[in-house]
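Asks: Let me see the structure of the following:
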Amino acid sequence: PKIIWASPIMTCVTLLSECEKRMLELNPLNFQFRSIFTFPFSFFHFSATLFSMAELIQPRVLKGFRDILPQAEIVRTDLQEKITKVYRSYGFVPIDTPVLEYSEILLRKSNGETEKQVFRFMDNGKRDVALRFDLTVPFARFTAEHESELYFPFKRYHIAKVWRGEKPQAGRYREFVQCDIDTVGSDSAAADFEILSIMKAALAEIGVTDITIHVNHRGIFNRFLAKLGVAEKSEDILRSVDKLAKVGEEEVKKELVEFTGSEEKAAEILKYIAGAGDFESTLKMIEEMSGGESEDSLRMREIYEMMKAAGIEATYTLDPSITRGLDYYTGVVYETFLNALPSIGSVCSGGRYDNLAGLYTKTRLPGVGASIGLDRLIAGLTELGKLESKGSYLDAEIFCMDKNLVVLYQKVAAELRAKGVKVEVFPEPKKMNQQYSVTDAKKIKWGILIGSNEAEKNAVTLKNLQTREQFVEISVEEAAKKILNS
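Replies: Predicted coordinates:
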């Protein structure tokens, strides 16, 4: 093909334009201006680079979403494994459900606020679908669909991502992980208490003990609202009370006056949700304000007796302002706060939902559950300096000092792994400072050096990469013992 040669007086813009035209004629389907021709002007190399760069897609993620680098993901994975261990110790088993559900499945029992937060769209098959916004509603559908294949009470755990179109803020993202437990098929104080107990145990397992779990009973509150004559406004009132910590008492009072049409009724509701101090005094007060002893207040009292019997009652407080905004809760509800950082919000919440599965089956399947919000919990613990990061799961690194010994390095690695040491071999003989920089990034404690001297003596030199202490020419077995005992 002919190449267009430019005269010295031709402008750079014209040069580039003519070359682009010629290149487009030569290959109209895949036009990329690269330095495949040599021109007498260095400008063309610069232009080619610019044009190629213009084709690159900028790497970025959506607002409210994020990538998670290894150090952070290791922390998350470790926490999930510890939480899973506790869930299993109480007899819960794992399940999984699709991330996409029919919209009517997810939204049938929700309020307008929930619908605003759901990622909903028409798929290629013209079906109205949505990303799950929690794991509880899909579990209710799962239970109804597989009812004949399950045993009851059925206790499951599910640790997975959910999606909500909320405004991103500290510890709150649009894509996040929930660590759920639920029991279905039992409407009992024992099932309620077990969930409350496991919440405390799971958080303790990951080192989170300075917490307060706020407990309430929606049934008692509903009785109170009925006695007050505003039962028909219960959903609006519940959602308003649920915002108390965010917007303050004055704003909530304004809304309550609007919903009830009465200053006196609004004042009564505020008195109710203020509580009366300790657990038993508050329970007595809300029991009286709701019309006296009832099956709901008896349930709450029985749960509290179980807490005392287990010696864990100090962690729980009866808080009538806790209502949980989701419509499907019918009984006990709860939220968990870090005492040193209550402003971050609840890190573990849940409650009883006796009617949720009734949307999908005629069989009555009462349920109770809780969910640890892993991302918010991590954000809180990070702010409090309670999390220790690590760069890998490795105990040791075998440095590549001699390309002629690469087979030996793999042999030693196999022997160490057989003894329980988590180890890797650096893949190529780079400069030692480059290899050290990688182990520093991975926060690996031990380094293993094998040069020609060690190879001849069937030995290794073990180095503590933190203290620089060395154990010269010791056996693989000795090295393994020192690593595992450190």
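Asks: next SSE after the longest helix anywhere in the chain?
Replies: The helix that spans the most residues within the chain, counting by DSSP state H, is helix 70-89. Going down the chain from helix 70-89, the next helix or strand is strand 93-94, by DSSP states H and E.
Asks: Which residue ranges of the stretch 201-350 of the chain form strands?
Replies: With DSSP state E, counting those that start in this stretch as the criterion, the stretch 201-350 of the chain has strands at 211-217, 316-318, 332-338, 348-352.
Asks: chain center to the third one: distance?
Replies: What it means is strand 332-338. Relative to the chain's own centre, strand 332-338 is displaced by 17 Å; criterion: Cα atoms, centre = their mean, to the nearest Å.
Asks: could you say what helices and strands it packs with?
Replies: For strand 332-338, the packing partners by 3 or more Cβ pairs under 8 Å, 6 or more residues apart in numbering; DSSP states H and E come out as helix 189-205, strand 211-217, helix 295-310, strand 348-352. For glycine as for every other residue, the C-beta is placed from the backbone atoms N, C-alpha and C.
Asks: what's the closest residue to G91 other than its chain neighbours sitting at in phi/psi?
Replies: Leaving aside its chain neighbours, G91 sits nearest to K155 (5.6 Å; criterion: Cβ to Cβ, 6 or more residues apart in numbering). Backbone dihedrals for K155, given as degrees, to the nearest 10, come out at phi -120, psi 120.
Asks: surely K155 meets T183?
Replies: Yes: assessed by Cβ atoms under 8 Å, K155 is found in contact with T183 at 4.8 Å.
Asks: Same drill for those two, tell me which one is more crowded.
Replies: Set side by side, K155 and T183 show more neighbours around T183, with 25 against 22, by other Cβ atoms under 10 Å.
Asks: That one contacts G367, doesn't it?
Replies: Yes: T183 lies in contact with G367 (Cβ under 8 Å); the separation is 6.5 Å.
Asks: just the angle between the longest helix of the chain and helix 189-205, please?
Replies: Helix 70-89 and helix 189-205 are oriented at 150 degrees to each other (axes from the mean of the first three to the mean of the last three Cα atoms, to 10 degrees).
Asks: I'd like to know which elements helix 70-89 is packed against.
Replies: strand 154-163, strand 175-184, helix 189-205, helix 374-383.
Asks: Spell out the secondary structure type for I68.
Replies: Recorded secondary structure, I68: coil (DSSP: H, G, I helix; E, B strand; the rest coil).
Asks: for the chain, what helix or strand is lowest in average pLDDT?
Replies: Lowest on mean pLDDT, DSSP states H and E among the helices and strands of the chain sits helix 12-26, with a mean of 47.
Asks: Check the offset of stretch 253-263 from the chain's centre.
Replies: Here the centre of stretch 253-263 is set off from its chain's centre by 37 Å, with Cα atoms, centre = their mean.
Asks: got the CA coordinates for it in CSV?
Replies: Extracted in CSV, the C-alpha atoms of stretch 253-263 (Å, rounded to 0.1, in the frame of the first residue of the first chain):
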residue,chain,number,x,y,z
LYS,A,253,-43.2,13.4,67.5
LYS,A,254,-44.3,15.5,64.5
GLU,A,255,-44.9,12.4,62.4
LEU,A,256,-46.7,10.6,65.2
VAL,A,257,-49.1,13.6,65.6
GLU,A,258,-49.7,13.5,61.9
PHE,A,259,-50.4,9.7,61.9
THR,A,260,-52.5,9.7,65.1
GLY,A,261,-54.2,13.1,64.8
SER,A,262,-53.5,13.7,68.5
GLU,A,263,-50.8,15.3,70.6
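Asks: do you know how far the spatially closest residue to K265 that is not a sequence neighbour is from F259?
Replies: In this structure, K265 finds its nearest non-sequential neighbour in L228, 5.6 Å apart by Cβ to Cβ, 6+ apart. The gap separating L228 from F259 is 11 Å, by Cβ to Cβ, to the nearest Å.
Asks: Which elements pack onto the host helix or strand of A130?
Replies: Per DSSP H and E: A130 is located in strand 128-131. Secondary-structure packing of strand 128-131 (3+ Cβ pairs under 8 Å, 6+ apart): strand 100-102, helix 103-107, strand 120-122.
Asks: In CSV, list the ones you listed along with mean pLDDT.
Replies: Below are those laid out as CSV (pLDDT from 0 to 100):
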stretch, mean pLDDT
strand 100-102, 97
helix 103-107, 92
strand 120-122, 95
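Asks: Of these, flag the one that's most buried.
Replies: Stretch with highest mean neighbour count among the helices and strands packed on strand 128-131: helix 103-107 (a mean of 18; mean count of other Cβ atoms under 10 Å).
Asks: neighbouring contacts of it?
Replies: 114-115, 118, 120, 128-130, 132-133, 137-138, 141, 360 (Cβ atoms under 8 Å, 6 or more residues apart in numbering).
Asks: my guess is V241 meets T323, correct?
Replies: Yes: here V241 reaches T323: they are 5.1 Å apart, a contact under Cβ under 8 Å.
Asks: Quick check: closest non-adjacent residue to E166.
Replies: Computed as Cβ to Cβ, 6+ apart, the closest residue to E166 that is not its neighbour in sequence is Q117, at 5.7 Å.
Asks: typed the wrong thing, it's F193
Replies: Distances taken as Cβ to Cβ, 6+ apart put M306 closest to F193, at 4.2 Å, once the chain neighbours are dropped.
Asks: Also A276?
Replies: M285 is the one closest to A276 (Cβ to Cβ, 6+ apart), at 4.2 Å.
Asks: what sits against Q71?
Replies: Counting by Cβ under 8 Å, 6+ apart, Q71 makes contact with S389, K390, G391.
Asks: CA atoms only for stretch 161-172 - export them in CSV, please.
Replies: What follows is stretch 161-172, C-alpha atoms only, in CSV (Å, rounded to 0.1, in the frame of the first residue of the first chain):
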residue,chain,number,x,y,z
LYS,A,161,-24.2,-11.2,49.2
VAL,A,162,-27.4,-9.1,49.0
TRP,A,163,-28.1,-5.8,47.1
ARG,A,164,-29.9,-2.6,48.1
GLY,A,165,-30.0,0.7,46.4
GLU,A,166,-29.4,2.7,49.6
LYS,A,167,-27.3,5.9,49.8
PRO,A,168,-23.7,4.7,50.4
GLN,A,169,-22.3,5.8,53.8
ALA,A,170,-19.8,4.6,56.4
GLY,A,171,-20.1,0.8,56.7
ARG,A,172,-23.0,0.7,54.3
